[in-house]
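In: only geometry, no sequence info:
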Ligand SMILES: Cc1cc2nc3c(=O)[nH]c(=O)nc-3n(C[C@H](O)[C@H](O)[C@H](O)COP(=O)(O)OP(=O)(O)OC[C@H]3O[C@@H](n4cnc5c(N)ncnc54)[C@H](O)[C@@H]3O)c2cc1C
Ligand code: SF4
Ligand code: SF4
Ligand code: FES
């Protein structure tokens, strides 16, 4: 039901300082380079609190003043998805990455599958476009008062709830060997198709959603590598969604024309 | 109703902003929607508990009137009653609408919506979706707004920050100036009406339970341009949050509800691990001071006691923290009843609360105060409306749990038709043409240019920290007039030092430094509103507590505080509260509500 706990629980022996290497880039047109920083160790630091400290006084480990590193953050509770970056080689949220659980030096890089804006910031707007492509919403008659929605079984609700926790962070896309630029819509959008096709009202406009994942960049690109589900911080059953939607698209492909 | 060229600008894409956007687009009118972060990542996703609405599916005789009474009583009678009543009446239909939009609300065996009990009521009135209701509600609105965006009715400006309003010579709002957060380009956006939906100001207190965009900067800008700010001194502090270096995360009150005990070592600098400190050397201060209720004293009392212990240096290790201990509760019970929230603690602190007592401290959580609005969500500036946590209208002196999400949607649903009605009847700004936009654009550009050029020894992040510490220490849980005066002096000092900050980023592309400096300036103005509002209110009411004035004083202070910007900081005045529906009575949670009133 809730999120997966991160990483190993075994704590490293506390050191006196935290060493952080950051992959920097001034703007999309300039080359990237690494910079090293060191801050005093305290218990319970996470990656963002280290970045905040560096930001206030941007001086490298060698004592050279530099520009403050730029990243994104908002909720700091692993629920908005904005602070995602690659930490020690794995895409995850920097707000829930505890220093005590990370090997040092800690390496911070921007996500690779999205264009890099500056330092640790990338442009993930494509993920929101994908939600449009699959009509990831319920077609309401209107927002006026029409009483409650359809009754539902708590078991179905729980499955939908699992899909509905997707925070569009992109960890799954970063991990997916098939996803690269615009060639594949990716597991997050497919899981959203599942979320809405499972809903009694949503099911009435299922076909439009299926067509959204039956285009060239659609579901058939999935090579079933299952990296995505391991990468998802919200524990979303992505491979199950892909399996179910594969079935739905096959049936739709065979019999969809009958409805036309 | 076809579009007749009306354009409404909405600032903020949390629950309130998205609710308004959806309603306006549905009527066929154009919306420009601005947000610092992609709207799906707005602060509303943080809400865990649920959303209130009296649907009475549990056969408890609940009613919208009961909900209204709980809201007004919980708010210590400072809320104007007509809008609070209207919200409670709309609440069931709001929950049903979310149900139709596909929110995975928890269900009963019959497949109906399930409801849980929350603080401040005896009824099962809170609908919930797992432990992330806010996220689920926000996503539902985000989806509907995306549907309208796909249809071309809503234009989103994400990663654009509203900097100021564009006012004409008659002080009528004609649009806004926003800044592209990558390029720092400033641009004027004309609109027939502007709806502010920018959420709370938690960052004025440095660290809070709020998200990082909750600076209150946008409303502070409106206030400096003439919008009235109401009840600023009413800040809700949650008794149990998890102190972090970066923020304070919420620890649900259910931990105490299930038997959690609050204590500190009798010797604050006791070097032993908590489990090896014997019972006799632990101070269970809530149990000692309140033998009848123990750890289950109401929210405000728990907050005050924990705060006092820490301020006196008696917190764990002399720091601002006390233990919230559930280690004595059988693991099986913990997992069944508190599993999800204990997991959050472990994720962010790294300790397992099954075995190690949690460290908690009260955290600034919610602002009851905000932009002054009338019963149609209109501010005093014609053409400017406000909804959600950034307006003051519903919660009086204290907000009940799970009442905010519903108030945000209610506010958005009232603001949308009010903005359209205004826009349909307003004279377009013919004569002034682009002049007023150019003027304001120039003014904002000059502020940015000056900041960039400015050089001095002060550090903007240090100033922010100092402000946060002063505000947290002196203007939250326990307030003394001399401390409030000192805090205001400190704020004046910080405003002076602000003139000598230098932006520490020579690369202005996508920089965080310049926007933060602009926020800081606005936050300092808002901090003064909160502080002086508190100083002037010599009583205790709801979240506002002064030991020197421990009682509620209806004769002098059953009034809404109004702050207006004078150029020299806030001018404070008062306006009467509409208590026409439920006569004020004493708020006393040691007795059941029935005994205090009614009868
Ligand atoms: C941890 C936590 C738990 C909570 N749990 C509950 C609960 O269980 N039940 C409940 O009822 N309430 C709860 N609350 C309160 C509730 O979550 C908030 O009050 C509510 O979500 C506020 O919504 P909003 O629409 O007003 O603004 P927000 O969701 O805060 O959105 C503000 C929007 O404004 C934008 N913005 C801000 N400034 C600018 C600017 N200058 N230019 C452009 N855009 C801007 C932001 O990008 C964002 O889109 C909780 C709060 C917290 C902190
Ligand atoms: S299963 Fe593999 S190929 Fe398919 S989406 Fe997941 S990671 Fe990509
Ligand atoms: S499916 Fe999981 S990993 Fe992918 S975007 Fe959603 S939350 Fe992130
Ligand atoms: S800041 Fe929201 S997920 Fe990390």
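Out: Yep, that arrived. In this text, all values refer to a predicted model and were calculated from it rather than measured experimentally. Ligands and ions are numbered 1, 2, ... in the order given.

In: Single out the residue in the stretch 401-550 of chain B that lies closest to ligand 2.
Out: Nearest to ligand 2, among the residues of the stretch 401-550 of chain B, is residue B:510, at 29.6 Å (C-beta to the nearest ligand atom). The way it works is simple: take the backbone N, C-alpha and C, and place the C-beta from them, glycine included.

In: Give me the number of neighbouring residues for that residue.
Out: 21 (other C-beta atoms under 10 Å in any protein chain shown).

In: next helix or strand past the helix with the most length in chain B?
Out: For chain B, the helix with the greatest residue count under DSSP state H is helix B:513-536. Counting by DSSP states H and E, the element after helix B:513-536 in chain order, helix or strand, is helix B:554-557.

In: got the buried residues for that next one?
Out: Using 16 or more other C-beta atoms under 10 Å in any protein chain shown as the test for burial, helix B:554-557 gives B:554, B:557.

In: again with stretch B:265-283
Out: In stretch B:265-283, counting by 16+ other C-beta under 10 Å, buried: B:265, B:268, B:270, B:274, B:277, B:282-283.

In: between those, which is closest to residue A:251?
Out: residue B:274 (58.5 Å; C-beta to C-beta).

In: show me the contacts for that closest one.
Out: Under the criterion of C-beta atoms under 8 Å, 6 or more residues apart in numbering or on different chains, the neighbours of residue B:274 are B:265, B:323, B:325, B:356-357.

In: again, only this time at 7 Å
Out: B:323, B:356-357 (C-beta atoms under 7 Å, 6 or more residues apart in numbering or on different chains).

In: Same check on residue B:261?
Out: B:284, B:295, B:325.

In: Closest to residue B:585 out of those residues?
Out: The closest of those, once distances to residue B:585 are taken by C-beta to C-beta, is residue B:295, at 27.4 Å.

In: what packs against the longest helix of chain B?
Out: Judged by 3 or more C-beta pairs under 7 Å, 6 or more residues apart in numbering or on different chains; DSSP states H and E, helix B:513-536 is in contact with helix B:217-224, helix B:435-453, helix B:460-474, helix B:481-498, strand B:559-565, strand B:570-576.

In: do you know which of those lies nearest residue B:166?
Out: Between residue B:166 and the helices and strands packed on helix B:513-536, the tightest spacing by C-beta to C-beta is seen for helix B:435-453, at 4.7 Å.

In: Residues contacting that closest one, please?
Out: Here helix B:435-453 makes contact (C-beta under 7 Å, 6+ apart) with B:163-164, B:166, B:168, B:174-175, B:177, B:184, B:186, B:188, B:190, B:503, B:514, B:517.

In: Restricted to strands, list these.
Out: Of those, the ones assigned to strands by DSSP state E are B:163-164, B:166, B:174-175, B:177, B:186, B:188, B:190.

In: can you name the two of those residues that are farthest apart?
Out: B:174 and B:186 (16.2 Å).

In: Show the average pLDDT along stretch B:523-542.
Out: Stretch B:523-542 carries an average pLDDT of 98.

In: Please apply the same query to stretch B:407-423.
Out: 98.

In: Ramachandran coordinates for residue 74?
Out: This is for chain A. For residue A:74, the backbone dihedrals (degrees, to the nearest 10) come out as phi -150, psi -80.

In: Next, format the contacts of residue B:274 as a markdown table and append secondary structure.
Out: Shown next, in a markdown table, are these (DSSP: H, G, I helix; E, B strand; the rest coil):
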| residue | secondary structure |
| --- | --- |
| B:323 | strand |
| B:356 | coil |
| B:357 | coil |
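
In: sorry, back to before: compare the ones in strands among the contacts of helix B:435-453 and tell me which is most surrounded.
Out: residue B:166 (27 neighbours).

In: where does chain A have low pLDDT?
Out: A:1-15, A:256-260 (pLDDT under 70).

In: swap in chain B?
Out: B:1-4, B:119-120, B:429-432, B:589-599.

In: Can you pull the domain assignment for it?
Out: B:7-237+B:366-431, B:238-364, B:436-558 (automatic domain parsing).

In: Out of these, flag the one nearest ligand 1.
Out: domain B:7-237+B:366-431 (2.1 Å).

In: In a helix, residue B:398, correct?
Out: No - secondary structure of residue B:398 (three-state DSSP): coil, not part of a helix.
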